[in-house]
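Colleague: Next one to model:
(2 chains)
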Amino acid sequence: MNEKEVIGKLSGLGNKVLKDIKSVKDPDIQLPVRALSNIYFDEKSKLIKLGDKTSHRSYMNIAHTRKFMQTLLVAAECKKIIDQNVSTSIRDLYYAVKHTIPGTKENTFEEQSESDPIIEDIEATLNTLREQLHLQADRKGYIAGSLVINDTGDEIDCGKMGSSGWAIPSNAEPDVIKFKKCDAEYVLMVEKDAVWQRLNQDKFWQKQNCLIITGKGQPARGTRRIVNRLHKELNLPIYVLTDADPWGYYIYSVLKQGSINLSFLSDRIGTPKAKFIGLTTMDVEKFGIPKNVTIRLTEGDKKRTVEMLNYVWFKPKEWQDELKNMMKVGYKLELEALSAKGIKYISEKYLPEKINNKEFLP
Amino acid sequence: MTEESVVNEKSAEHMAKDHREISISQFFEKNRHLLGYDNKIKALLTIIKEGVDNALDATEEARILPDIYIKIEEIDKETYRIVIRDNGPGIIRAQISKIFGKLLYGSKFHRLRQSRGQQGIGISGAVLYAQLTTGESTKILTSTGKGKTHKIEMKIDVKTNEPKILKDEVIDGKEWKGTQITIVVEGIYREHKQSVIEYLKQTAISNPFANITFDSPNGRVEFKRAVDHLPKEPKEIKPHLYGIEVGIMTRMLQETKGRSILGFLTTEFSRVGKKSAEDICKKAGIDDKISPKKIEHSQIVEMVKAIKEVKLSRPPTDCLSPLTQELVEAGLSKELNPEFVTSISRPPTVYRGWPFQIEVGIAYGGSIKEASVMRLANRVPLLYQSGDCAISKAVAGVDWKRYGLSGDKIPDAPVTIFVHMSSVWVPFTSESKEAIASYTTIIKEIKLALQDCARKLSIYLSGIRKAERIAEKRRIYEKYAHETAVALNELTGDEKEKIEKAILKIVEEKWGEIEQELIEENDKETGVEKEDENK
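Modeller: Here you go, the predicted structure:
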């Protein structure tokens, strides 16, 4: 989709609303419902998909009026940015659309948390990516390994990025980031930056001939897009390494089948074939991890675990066993717990053994 | 131990020589604070109060719409000349000197009928205060309307409690009716919360049928009449047995013309039939045929005890002269210009045998800027000792939050709470008549009346809030129109002023329907809670 088309879509949204206004009709904007009630797990693609329920955001609905105005303001701002042929961060956009409404003490937007979901609304309703709206988020993910890419004309060797790795941009679409050369055999996606740094320091990617990526917590869309493309375009298996806790498992599930909020993007940022390498509570026995580095589950953890037991994507027996085991033993553990067995235990023993034995959770 | 402190014993005989009967005037001289003359500021207020109370009582009793003129003039440092004039019936010569010159003289103390003053200390106290502080005599002009005016100048003989007439003239020719008193006293004139001006304002509210003109040291203030009729005339009643104590009973037995106890009980008291009188005597073990004069002290005690066991009808309440809701609201409206006013006149009831009636008015907003309580007894404002007063206690006892008003004890809102107690005998906590004693029945009555008014106010306020909420919603539609138009202009290129107008047109078109829905929704949400009266 080129810029003209995107501008056409934005203007189309405006013209539809204007037409309502001119015919003295309550103007409304149709939006796909981005909520649990309108998503489904597509068994075929193994992805969370957006259903076809739509909601109407209308001016004369008192609960919508402010959001209605905000939606048009964000759309107008995006059009302006594209017209000027620049791109901007979502925070910049927030400041660009934030101002005091004349004659009131109220701002058009009070927090960035108000404008961010509106961007997603526009993406979803116009079926346009944030990047195509010339918006970008902060970079959050890092990659290292034998991969050469072309980033807007610059050639970058991810094997020569020193201690920090290459920062994955917010826009990781093929027109910006192109894969030139790759010798890696698989991708290891790590939840935690600290663990990624340990692996990078130990030259794990060199020894194992893989790519190591961290999303620093829940990976941003750019990082998820890169993982998706590495699998799709280069056929690389994706292995995910997180803490053995409900949050870690959730990160894995989002990476694998997408999220409710961004379900309209699941095709692009979900990687259904990703596999879970660890950490699990079952590993405690298997690897003889001392019990004193485990952490007791909180009430919140327990509640979350029970919920997860019911999710379709956690239905495979292996996951049911793991989740039930977590409930049974009543503890969770962080990746760093492996350091109790020695600093290099994770890179020299735990991961190689798991990968060689193909010990994954689906 | 020093020389001076050595105790010299005195014999009882020696001491008896020092005991003398003191006159009420001498008592006053030493205890002026008991009568409201504690300090120079309050003294002015007390004098105005006594004078105006008398003027209102006199006019009202004669069924004349009161026109009262007051002047306070500073004639020297901390020395004021006070003039109070009414258009009442005037005073006949024989009574003039007694009314103004003898303490505890008056028609009011001995009868049971609602009036402002009740002890007969009032105006003569002012005369006494004048001669004590400035040495000046009091001048009285009065005419009963037959072309003759009495001009009297007088003082009080403190020792004998008798008037001392200094000048006694009759002026012929001038046709007028009324009384004017001129008093020169030491005092300090102020205009704060417990001042003459506040007293007159509250008097004007509680007597909206009166015209009051006040020439203050700072200029003229007029309180105009708002209604052209007086409250109904109170009837005199006989005392009710439930309020009678041994002392009063003893005195009445001595003074009665009744030949038998039975006759005494049925004629001297209200609501005592032959049957009840016989019951009382039987319970007290007294022969109901013996003469009241022959009854012994122990029998009186028994009789008073027996009264409590006999069921008597309540006293008649036509001795009361309530303001009525009309007058309460008229008074509050004319002086305060409130946005909203409500009132209630409770049915008359009885405490210890005395009939009384509570009336409450609540005025909200308008020129009222903060919460205040006006306490009134028989239409007289009470400005001091609010902490000891049954009214203050009742106000503090209302859970104002229940009625959508924040604030503890007194609502945190621009309200004036007006509480009026009418009674033949208001139980004041002291002679200076500044606070009503806290009888449970009285507090309960006041509270019920307050709750009733608070309920009505809260309904009014919730109506306003509702209207405000609805107007606020309309503003929401309007305030986002501009921003929406700006955005649509960017997206479509259409002129933003036109778009904004078009959006506002939609708001205008759809508003009627939306407003209706909002009103219905609101009515469902804000059903004002009805309070249990017995709470």
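
Colleague: May I ask you to confirm that B:Gly407 belongs to a strand?
Modeller: No: assessed with DSSP: H, G, I helix; E, B strand; the rest coil, B:Gly407 is coil; it does not lie in a strand.

Colleague: neighbours of it, just the number please.
Modeller: Neighbour count of B:Gly407, defined by other C-beta atoms under 10 Å in any protein chain shown: 12. Every C-beta, even on glycine, is put in place using the N, C-alpha and C of the backbone.

Colleague: Thought B:Ala413 was touching it, still the case?
Modeller: Yes: counting by C-beta atoms under 8 Å, B:Gly407 does reach B:Ala413; the two are 7.0 Å apart.

Colleague: list the residues that contact both of those two?
Modeller: B:Ala371 (C-beta atoms under 8 Å, 6 or more residues apart in numbering or on different chains).

Colleague: what's the domain layout of the chain?
Modeller: As the question left the chain open, I've gone with chain A. Under automatic domain parsing, the residue ranges defining each domain of chain A are A:3-136, A:142-356.

Colleague: actually it's chain B I care about, not the one you picked
Modeller: B:24-223, B:241-309, B:324-457, B:460-525.

Colleague: In contact with the residue of the stretch 151-300 of chain A found nearest chain B: list those residues for me.
Modeller: The minimum distance from the stretch 151-300 of chain A to chain B, using C-beta to the nearest C-beta, falls at A:Phe264 (21.6 Å). For A:Phe264, the contact set (C-beta under 8 Å, 6+ apart) comprises A:32, A:34, A:50, A:123-124, A:127.

Colleague: now, which of the residues you listed lie within strands?
Modeller: A:32, A:50 (DSSP state E).

Colleague: List just the nearest of the contacts of A:Phe264 to B:Leu320.
Modeller: A:Arg34 (72.6 Å; C-beta to C-beta).

Colleague: Torsion angles phi and psi at the nearest residue to B:Gly122 once chain neighbours are set aside?
Modeller: Computed as C-beta to C-beta, 6 or more residues apart in numbering or on different chains, the closest residue to B:Gly122 that is not its neighbour in sequence is B:Glu50, at 3.8 Å. Here is the backbone geometry of B:Glu50 (degrees, to the nearest 10): phi -60, psi -40.

Colleague: Quick check: B:Glu50 touching B:Val127?
Modeller: No: B:Glu50 is beyond contact range of B:Val127, at 9.7 Å (criterion: C-beta under 8 Å).

Colleague: can you tell me the helix or strand for B:Ile307?
Modeller: Per DSSP states H and E, B:Ile307 falls inside helix B:297-309.

Colleague: What is the burial count for the nearest residue to B:Ile410 once chain neighbours are set aside?
Modeller: Of all residues not flanking B:Ile410 in the chain, B:Ala371 sits nearest, at 4.9 Å (C-beta to C-beta, 6+ apart). Neighbour count for B:Ala371, taken as other C-beta under 10 Å: 19.

Colleague: which residues sit in contact with the residue of chain B at minimum distance from chain A?
Modeller: Among the residues of chain B, B:Leu491 lies closest to chain A, at 2.7 Å counting by C-beta to the nearest C-beta. Listed by C-beta under 8 Å, 6+ apart, the contact partners of B:Leu491 are A:10-11, A:13-15, A:72, A:75-76, A:79.

Colleague: okay if I get the residues you listed as TSV plus distance to B:Asp288?
Modeller: Listed next are the contacts of B:Leu491 as TSV, based on distance: C-beta to C-beta, whole Å:
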residue	distance to B:Asp288
A:Leu10	106
A:Ser11	108
A:Leu13	102
A:Gly14	103
A:Asn15	105
A:Leu72	97
A:Ala75	101
A:Ala76	102
A:Lys79	107
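
Colleague: ranges for the helices of the stretch 51-200 of chain B?
Modeller: Ranges of helices in the stretch 51-200 of chain B, per DSSP state H, counting those that start in this stretch, are B:93-101, B:122-133, B:196-206.

Colleague: hang on, I meant chain A
Modeller: Under the criterion DSSP state H, chain A contains helices at A:3-22, A:65-83, A:90-97, A:112-126, A:193-201, A:204-208, A:221-234, A:246-257, A:266-269, A:283-286, A:299-309, A:317-329, A:345, A:351-356.

Colleague: Turn the ones you listed into a markdown table, including distance to B:Val185.
Modeller: Compiled in a markdown table, these are given as follows (distance: least, C-beta to C-beta, whole Å):
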| stretch | distance to B:Val185 |
| --- | --- |
| helix A:3-22 | 78 |
| helix A:65-83 | 69 |
| helix A:90-97 | 74 |
| helix A:112-126 | 72 |
| helix A:193-201 | 90 |
| helix A:204-208 | 104 |
| helix A:221-234 | 90 |
| helix A:246-257 | 86 |
| helix A:266-269 | 94 |
| helix A:283-286 | 98 |
| helix A:299-309 | 79 |
| helix A:317-329 | 91 |
| helix A:345 | 103 |
| helix A:351-356 | 105 |
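
Colleague: will you turn the ones you listed into TSV that also has mean neighbour count, mean pLDDT and distance to chain B?
Modeller: Below are the helices of chain A laid out as TSV (neighbours: other C-beta atoms under 10 Å in any protein chain shown; pLDDT from 0 to 100; distance: least, C-beta to the nearest C-beta, whole Å):
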stretch	mean neighbour count	mean pLDDT	distance to chain B
helix A:3-22	18	93	3
helix A:65-83	23	95	4
helix A:90-97	18	93	9
helix A:112-126	19	93	11
helix A:193-201	19	93	39
helix A:204-208	19	93	47
helix A:221-234	22	95	25
helix A:246-257	22	95	33
helix A:266-269	20	92	26
helix A:283-286	16	92	54
helix A:299-309	14	94	34
helix A:317-329	16	95	44
helix A:345	15	92	57
helix A:351-356	16	93	52
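
Colleague: what's the closest of these to B:Val221?
Modeller: So among those, helix A:65-83 is nearest, using C-beta to C-beta, at 52.8 Å.

Colleague: Quick check: which helices or strands does the closest one pack against?
Modeller: helix A:3-22, strand A:28-32, strand A:54-58, helix A:90-97, helix A:112-126, helix B:440-492 (3 or more C-beta pairs under 8 Å, 6 or more residues apart in numbering or on different chains; DSSP states H and E).

Colleague: For burial, what's the neighbour tally of B:Thr317?
Modeller: 19.

Colleague: same thing with B:Arg346?
Modeller: A count of nearby residues for B:Arg346, using other C-beta under 10 Å, gives 16.

Colleague: I'd like to know which residues of chain B are adjacent to chain A.
Modeller: B:473, B:476-477, B:479-480, B:482-484, B:486-492, B:494, B:499, B:502-503, B:505-507, B:509-510, B:514 (C-beta under 8 Å from any C-beta of the partner chain).

Colleague: rerun at 6 Å
Modeller: Residues of chain B lying close to chain A (C-beta under 6 Å from any C-beta of the partner chain) are B:473, B:476, B:479-480, B:483-484, B:487-488, B:490-492, B:494, B:502-503, B:506, B:509-510.

Colleague: So how do I select the buried members of those in PyMOL?
Modeller: To isolate in PyMOL the members of the residues of chain B next to chain A that are buried, counting by 16 or more other C-beta atoms under 10 Å in any protein chain shown, one can use:
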select buried, chain B and resi 473+479+480+483+484+487+488+490+491+492+494+502+503+506+510
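
Colleague: what kind of secondary structure is B:Trp425 in?
Modeller: Once three-state DSSP is applied, B:Trp425 turns out coil.

Colleague: how about the helices in the stretch 251-400 of chain B?
Modeller: Using DSSP H, counting those that start in this stretch, helices in the stretch 251-400 of chain B cover B:261-268, B:274-284, B:297-309, B:324-336, B:390-397.

Colleague: got TSV for the ones you listed, with distance to B:Ile99, mean neighbour count and mean pLDDT too?
Modeller: Output for the helices of the stretch 251-400 of chain B, formatted as TSV (distance: least, C-beta to C-beta, whole Å; neighbours: other C-beta atoms under 10 Å in any protein chain shown; pLDDT from 0 to 100):
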stretch	distance to B:Ile99	mean neighbour count	mean pLDDT
helix B:261-268	27	20	90
helix B:274-284	37	18	91
helix B:297-309	34	16	90
helix B:324-336	28	21	95
helix B:390-397	30	22	95
